[in-house]
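[1] what's the 3D shape of this:
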Amino acid sequence: MLTARGIHKTFGTLEVLKGIDLDIVPGRVTAIVGPSGAGKTTLLQILGTLSAPDKGGKVLYDEVDVTALNDARLSAFRNRNIGFVFQFHQLLPEFTMAENVAMPAIIGGMGRKEALIEASALLDKFGLHDRIGHRPSELSGGECQRAAVARALINRPQVIFADEPSGSLDSRNRAELYSLFFELRDSLGATFVIVTHDETFAAQADNIVHMADGRIVKIETNTHQ
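    Next up, the predicted model:
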């Protein structure tokens, strides 16, 4: 489904990625781990089309070379096929939870009423039915992060990328968030690629990609799933 080949990235004189080849298996949770400065977030941004690799690198989704798309086509592709969850939920404070979750669907062309119905159904599924009309400031960090996952899912993307999604959560909410990822994998066949420093979570992932110094040094497959 998702293939990266020859991914290099340099900022000034600093070579952050030094030739990455990676295949992401659909319907599985892939954790990307490694020390700070290994290039994990840069790789995630390139896989998620938020950044482009240096000349010659390619990222393909089902044979579509997204690195060859112009800005308009890339934005449309990203909206339809990719979801994001960040360390801080990045919900818009002036909108309700339902409006926040519905936003990608509305941007993608869905009618506002239909999008809000879809968003409310997702929030209900995630145990946030009583929070649909609330704004982010009225919710806990864990609730906001679950809403961010719902927002990432509303367009039924091919893959969801998450960058340290539990970094701002306490241990209970962290465990609940990761349980949600695995539940969505099992119930919806959702594909997750997650950068994390959480060793407990990484050990549970289906695939663990170890990075160091801008390279992939090892890929493990968890056979205990």
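
[2] alpha carbons only for contacts and neighbour counts from here, please
    Fine.

[3] name the helix or strand for the residue nearest the centre of the chain, please.
    For the chain, the residue nearest the mean C-alpha position is Phe161 (1.5 Å; Cα atoms, centre = their mean). Following DSSP states H and E, one finds Phe161 within strand 159-163.

[4] what about stretch 161-169, start to end distance?
    End-to-end distance for stretch 161-169, by Cα to Cα, to the nearest Å: 18 Å.

[5] quick one: mean pLDDT over that stretch.
    The average pLDDT for stretch 161-169 rounds to 82.

[6] what sits up against that stretch?
    The contact list for stretch 161-169, computed with Cα atoms under 8 Å, 6 or more residues apart in numbering, reads 41, 44, 48, 82-88, 141-142, 145, 173-174, 177, 192-197.

[7] for stretch 207-219, same thing?
    Stretch 207-219 is contacted by residues 15-20, 28-35, 37-40, 202, 220-222 when judged by Cα under 8 Å, 6+ apart.

[8] hmm, back to that, quick one: which of the contacts of stretch 161-169 sit in strands?
    Counted as lying in strands by DSSP state E, out of the contacts of stretch 161-169, are 82-85, 192-195.

[9] check contacts around the closest residue to Asp62 other than its chain neighbours.
    With sequence-adjacent residues excluded and distances taken as Cα to Cα, 6 or more residues apart in numbering, Asp62 is closest to Met1, at 4.9 Å. Contact partners of Met1, counting by Cα under 8 Å, 6+ apart, are 23-26, 60-63.

[10] please repeat the previous calculation with a cut-off of 7 Å.
    24-26, 61-62 (Cα atoms under 7 Å, 6 or more residues apart in numbering).

[11] can you tell me which of those comes closest to Ala119?
    Pro26 (24.0 Å; Cα to Cα).

[12] before we move on, the earlier item: the residue nearest to the centre of the chain bridge partners, please.
    Phe161 forms beta bridges with Phe84, Val193, as assigned by DSSP bridges.

[13] what distance do you get for the residue nearest to Lys55 when sequence neighbours are not counted to Ile20?
    Counting by Cα to Cα, 6+ apart, the nearest residue to Lys55 once its immediate chain neighbours are dropped is His8, at 8.0 Å. Using Cα to Cα, His8 is found at 7 Å from Ile20.

[14] likewise Phe161?
    17 Å.

[15] next: Leu116.
    Using Cα to Cα, Leu116 is found at 40 Å from Ile20.

[16] so these two - more neighbours on which side?
    Leu116 (22 against 17; other Cα atoms under 10 Å).

[17] about what we covered before: got TSV for the ones in strands among the contacts of stretch 161-169, with distance to Gly127 and neighbour count too?
    Shown next, in TSV, are the ones in strands among the contacts of stretch 161-169 (distance: Cα to Cα, whole Å; neighbours: other Cα atoms under 10 Å):
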residue	distance to Gly127	neighbour count
Ile82	23	19
Gly83	20	25
Phe84	20	23
Val85	18	24
Phe192	21	27
Val193	23	25
Ile194	23	28
Val195	25	25
